[in-house]
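**Student:** Quick check, what structure comes out for this input:
(chains A, B and C)
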Amino acid sequence: MSFVKTRIHPAAEMHAQEHLDGQIDRREFLTRATALGVGAAAAYGLIGATAPGKAMAQEAQQGGTLRIQMELPALKDPRVADWSEIANQTRGWLEYLVEYQRDGSLRPMLLEGWEVNDDATVYTLKVRQGVTWNNGDAFTAQDVLHNITRWCDQEVEGNSMAGRLKTLVDPETKQLLDGAVKVMDDHTLEITLPRPDITLIASFADYPAAVVHQSYDNGDPAANPIGTGPYLPVEVSPNVRTVIERNADHEWWGTEVYGGPYLDRIEFTDYGTDPAAWLAAIESEEVDMLYESVGEFIEIMDSLGLEKSDAVTANTLVIRPNQVAEVNGMKPYADARVRRALAMACDNSVLLELGYAGLGEVAENHHVCPIHPEYAKIDAPVYDPEGAMALLEEAGMADYEHELICLDSGFQRDTSDAVAAQLRDAGINVKRTILPGSTFWNDWAKFPFSATEWNMRPLGVQVLALAYRSGEAWNESGFANEQFDSLLEEAMAIADAGQRSEIMAKIEKLMQDEGVIIQPYWRSIYRHYLAKVIGAEAHPTFEIHVYKLGLSA
Amino acid sequence: MAGFILRRFGIMILTALCLTFVVFFLTNLAPNLEKLAKTQGNARMTDAEVTSWLANRGYDQNIFVKYGEWLGVVPGYVIEQPDGTYRGRCFDQAEAIPDDAPRFCGVVQGDWGYSSVFRDEVLGIIGLRLGLTGKLMFWVMMVMVPSALILGVLAGMREGSRLDRGLSSISIVTTATPEYVSGVILITVFASSAVGLKWFKGTATSAMENATFENFFLPVITIALYGMGYIARMTRASMAEVMQQQYIRTAILKGVPFRQVVLKHALRNALIAPFTVIMLQFPWLLNGVVIVETLFNYKGFGWTLVQAASNNDIELLLGVSVVSVFVVLITQLISDIGYVYLNPRIRVS
Amino acid sequence: MEPLSWTGALAPLITPLWIAAGALVALAILRFVVSLLIVPAQSVALPDGTLTAGSGPLELIDRAVRWALGSVLALLALFLIGGVILDLSAGIIGGMARRLLPVWIALVATLALSYTFRRRLGLYGKLFDSTIGTVGFALVMFWVFAAFFGAMDLIATFDPLAQSGAMKNEPPGTPFDKMIGDVDEGAYPVYLLGGDNLGRDVFSRMVSGAWVVVQIAPLATAFAFMVGITLGLPAAYFGGKFDTILTFLANLILAFPVILLFYLLVTPEIIETGIPTYMSAVIFLFPILFLTILLNARYHTRPALRTGLLVAVILGLGWIYLSLISEPFGVLPVLPEALDLFDIPGGILTVFVSVVFVNAPTVFRIVRGLALDIKTRDYVAAAQTRGEGPWYIMLWEILPNARGPLIVDFCLRVGYTTILLGTLGFFGLGLPPESPDWGSTINDGRRLLAIYPHPALAPAIALLTLVLGLNLLADGLREESLRD
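**Tutor:** Coordinates of the predicted model:
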């Protein structure tokens, strides 16, 4: 670590104690501590461990070409990007302030470090020295301000960063709150929040938070690729191929800080959505590395002698009724009894086995994962098919035919089919509809009853804020509950995860009681690659950090 | 003859106009436009945003006007955007209307539009993808036509013999095995680790740049098998008919060796019918091409069609349909002309 | 319970079967090679005018081939009969043979009756003179009966949509088990052809898939024929502008790549606009039109009978028609719900309409071509001089004489439609996702083909045999009808 910590956040020390007492595990500790501005090395130090070194990276040879299988949606303005794959294509030249690591820690990138005051209302950001854009401009605090301003522009349709940085957005002007971010000098900014928000730094690490140059015109980011990263795009054909190559004219700041980059050229190739095609691709050695291995294919790829890497994640599938959706002039899921009945009719462990081949952990219908620092253990949801039918009869909805919609892709479809089968077992009428991606994502938030894949966020409150707060753009369940909103607001102001989890327990219970979602499992994610590939381990949020990739010497 | 071809050409153009209009109409239906707006803009736009997005890009005009613009017989739209800039069909977006911007830009002017999925000029995409499919089809024809003709001639030269029955059964089985069945079985047997033969590769993505026997054989044979049976049966029928002709019987009775009768007398006449069938196969093979290109992830014309259709990429889809219509109609024309040349008894009236 | 083997108690029969089959293949190849070298022995005409076959080496081999074939068939029959008797103790084959018992009975009865009375059954009876035709007919009827009895719930061992977590991807013959709760009393003890990736019974899905295919494919083809005939006959008969326009339209549709048409028509967006419903409203009108004209042309000289018939046809079919097109929340809510006999799910309707739409122009061209030819015959001229109306001539003079090629084409086209339905399933268009139809099942199964081939192979073989049967049947029919 090249930056020096002047002071350690008190909460971080407290978390260290919690970890040593066995209350939280290492991963949770790291997420919490680094979010509070403690460097990963220092955080490891706090609990008397040593940070994993760069041993792996040292084996990598300089140079070479790596071929990666990945779906390639067309690039768009990073802040409206809706696919991790979009960010993975641009990550070679568009970098982030902070980077979320495999082990759950946050590592400063274009920032050198940050400090947070005790109640998480004032953040001091230190901008890294010596970073230059690939057009020669120096990277300064002004650039950071420019990007934060961009992110907070709520007027831009589909700007999901505005939702993540909600505390920074003025609800009146729908822009960055006046005076909230102050440039102190060329390399220091101070952010003052109107109310506490512990998710700020983690939000900077999210994939739409790519840092762009001030001259960027919100169009195709590859058209005029000014960035701070070590690579440049040489070919971008959406759905076909994206190639990035080492930018020889640009001296990358990270080489001396973190090492890398190693590769001269990285080729992403689109093999469609069918996992069988991915298997065929790696089996015939047309690619060196897969984006993700799913379901039964994991077993097959193991048998091929490929390197396997897995990551426990809070990635999940949510099967949710939409409480405000109208079907034939009525709102079938406005009644909590109906929603609860649907959840009661499903045994989540069976769904895990049938839908995802048991490759994950059973979830509890409240979208807070045991790996989230603020997770509170509450009673598992009840499985009671007869009770479910009784509830439906009580609500007068026993004869209603539910239409369960899902995306036409492997586990989502299998799990939804399994849900449908369980509902039928309980005597509930279900019809299934499967839509191709292009159609599904058009209306994903509007379907009355459908399954949606959610990727993880480092903190439990983040997803809850994105997906279940009233009126959010991504609130697909149509859940609007004042009690929930205020509890969440409260939770988001508590830096201490222990205290926060007390409130989380209430939130989780509320989610279950309201029957907001059926959430069968947390997926573990897997990735296979050839043994010669280095730095390609599965990342919980599917990020591919291109500068870490290399081929073994 | 010239008049005949000219007339056919006229019909061809008329057909292409009608068909593209149908495609245009279907892709410009309100739900499809909404889908387009949401994939291009953002998946989570509100209805009002969708309406203004479409209006700003000229999608809300009368369908005939839009079609005319695409053809290049109606001036391209120029719309002032909410932020004061201008957006036009013939230039992207600018502060003021550029002086050098043409008024018309459509097919007539050689501008086939812009693909929203691939973010590129339609003409370039189609050329590239058509080339790749052409490569696939060339090898399919190289495999399919000779083997089908041999099968058919062998079966047809002694109608009703055991050889005939055996070969006919083979051709019936291949016509009854659609590509998605044979492709799947072939991949399992020859390319999967489960069976373990691994003679060939299960994808053809690398064949786009560098086709080898290993990565190209399976897709080629998958298409060829399905088409082969049909041509073989046509050849057999035609051969069997020729073999019953008086002059063949005479030749056999005269004591000309059977082999010579077949090769010298029967073959030429027997191949007239299969020729038309083979030409008419081209458009019919498109189905197989789409399936096989999807199955083997070979990014040719069929794959482009699937991508364009599932993303409602209007201008690319129009380009694709124009090309397929012309392929269909030109092969029909060639088969008609070829028929005339091969069969001296027919004259074009 | 142990997993079942394929043959169970009949295992000792396997070795002889392999020997016989091996001998058959070897002899067939030998026969082919020898036939290239040796000329068949000439038949010898006996003084009484009959012929006696020669007895060269070729004839010897022929006899051996026949013996080998006979023993293979006999052994296969033994497997079936043994299976029917022994049930599951004869393994998976035994179990399937027993489950399919109603099919065997119906099949044997149909074949026996048809064969006995074949001389009185016209073209259908003549089919049994051709081995190929008989084999094809048997294959087709096998699936028809399997579908039919399957729909009556006599064959399937499980609900085709029911899942069992414990049965996921299990190989054929695995004893049935459940993940939660106990196995119900009286549940079938095994998954005969194993479980698919959601733990559904492959055998039951194959059987119910047959019902989907057997319902949609012939019906859609029949509709295409109604449309093609109703338009093709007058186009050929009257000619002129009417003919030119229709021919142009038919060519227009034919110039459309089928797959593009499907992608344009069978999408949720298009279903939303209601275009398929409007198209079905037009297409489903044709059978009524067809029957009305048909009856009117025949009986217009007997007004009482005609009016009665027409009222019955129009009322009956009209009601079905209105029920078909009107859906409670669709674009055409014509009929009050109380009178609405049935609703067809939007997806299936669209698939149906598209298949008809694609097939009709080809039928139109064939009918037109045939009618143009027949129009010049003497009996048509005779009818014209008799003063018959044009529709009478078209429907009662021309059409019956064109029936041979049309029937042949019908068989082929049903097979083609089956393949087309599978193609739609392959691209995930149309039919509902859990649908057990063969195309969708093959598409689901192909993803895991490398490790678990059985879920995809069963429907693939089913589809293959049905289409093969239809092709053979068409071949047999063509041969026999040419012999006239």
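
**Student:** Please report how far B:Met243 lies from C:Ile271.
**Tutor:** Distance of B:Met243 to C:Ile271, computed by C-beta to C-beta, to the nearest Å: 52 Å. The way it works is simple: take the backbone N, C-alpha and C, and place the C-beta from them, glycine included.

**Student:** what residue ranges in chain A are flagged as low confidence?
**Tutor:** By pLDDT under 70, the low-scoring segments of chain A are A:1-11, A:14-15, A:22-28, A:32, A:35-42, A:45-58, A:436-439, A:442.

**Student:** Quick check: the residue of it nearest chain B.
**Tutor:** A:Gly158 (2.9 Å; C-beta to the nearest C-beta).

**Student:** tell me the domain boundaries of chain A?
**Tutor:** A:10-53+A:96-209, A:57-86+A:219-306+A:530-553, A:313-524 (automatic domain parsing).

**Student:** any chance of the ones you listed in JSON lines, plus mean neighbour count?
**Tutor:** Below are those laid out as JSON lines (neighbours: other C-beta atoms under 10 Å in any protein chain shown):
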{"stretch": "domain A:10-53+A:96-209", "mean neighbour count": "19"}
{"stretch": "domain A:57-86+A:219-306+A:530-553", "mean neighbour count": "20"}
{"stretch": "domain A:313-524", "mean neighbour count": "21"}
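
**Student:** Out of those domains, which is closest to chain C?
**Tutor:** Among the domains of chain A, domain A:313-524 sits nearest to chain C (C-beta to the nearest C-beta), with 3.7 Å.

**Student:** Over to that closest one now: how far is its first residue from its last?
**Tutor:** 6 Å (C-alpha to C-alpha, to the nearest Å).

**Student:** can you pull the contacts of A:Pro307?
**Tutor:** Just to correct that, residue A:307 is Glu rather than Pro. For A:Glu307, the contact set (C-beta atoms under 8 Å, 6 or more residues apart in numbering or on different chains) comprises A:His528, A:Tyr529, A:Leu530, A:Ala531, A:Val533, A:Ala536.

**Student:** now with 7 Å?
**Tutor:** A:His528, A:Tyr529, A:Leu530, A:Ala531 (C-beta atoms under 7 Å, 6 or more residues apart in numbering or on different chains).

**Student:** Show me which residues of the stretch 151-300 of chain B sit near chain A.
**Tutor:** B:Ala191, B:Ser193, B:Lys201, B:Gly202, B:Thr203, B:Thr205, B:Ser206, B:Asn297, B:Lys299 (C-beta under 7 Å from any C-beta of the partner chain).

**Student:** any idea which helix or strand carries the last one?
**Tutor:** Spelled out, it's B:Lys299. Of the helices and strands defined by DSSP states H and E, none includes B:Lys299.

**Student:** Where does the prediction get shaky in the stretch 51-200 of chain B?
**Tutor:** Scanning the stretch 51-200 of chain B for pLDDT under 70 picks out the ranges B:193-196.

**Student:** Tell me the residues of it that contact chain C?
**Tutor:** Counting by C-beta under 7 Å from any C-beta, the residues of the stretch 51-200 of chain B near chain C are B:162-163, B:172-173, B:175-178, B:180-181, B:184, B:188, B:192-194.

**Student:** Next step: these restricted to helices.
**Tutor:** In helices, defined here by DSSP state H, the members of those are B:Arg162, B:Leu163, B:Ile172, B:Val173, B:Thr175, B:Tyr180, B:Val181, B:Val184, B:Thr188.

**Student:** Only whichever of those are buried, select them in PyMOL.
**Tutor:** Selection of buried members from these for PyMOL, criterion 16 or more other C-beta atoms under 10 Å in any protein chain shown:
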select buried, chain B and resi 163+172+173+175+180+181+184+188
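
**Student:** Buried ones in the helix ranked longest in chain B, by neighbour count?
**Tutor:** In chain B, assigned by DSSP H, the helix with the most residues is helix B:122-157. Buried residues in helix B:122-157, counted by 16+ other C-beta under 10 Å: B:122-123, B:125-126, B:128-130, B:132-133, B:135-137, B:139-141, B:143-145, B:148-149, B:151-157.

**Student:** Name the residues that touch the helix or strand containing C:Tyr416?
**Tutor:** Element membership of C:Tyr416 [criterion: DSSP H and E] is helix C:403-426. Applying C-beta under 7 Å, 6+ apart, the contact partners of helix C:403-426 are B:176, B:178, B:180, B:291, C:213, C:216-218, C:220-221, C:225, C:262, C:266, C:351, C:355, C:359, C:366, C:370, C:430-431, C:437-440, C:442-443, C:463, C:466-467, C:470-471, C:473-474, C:477-478, C:481.
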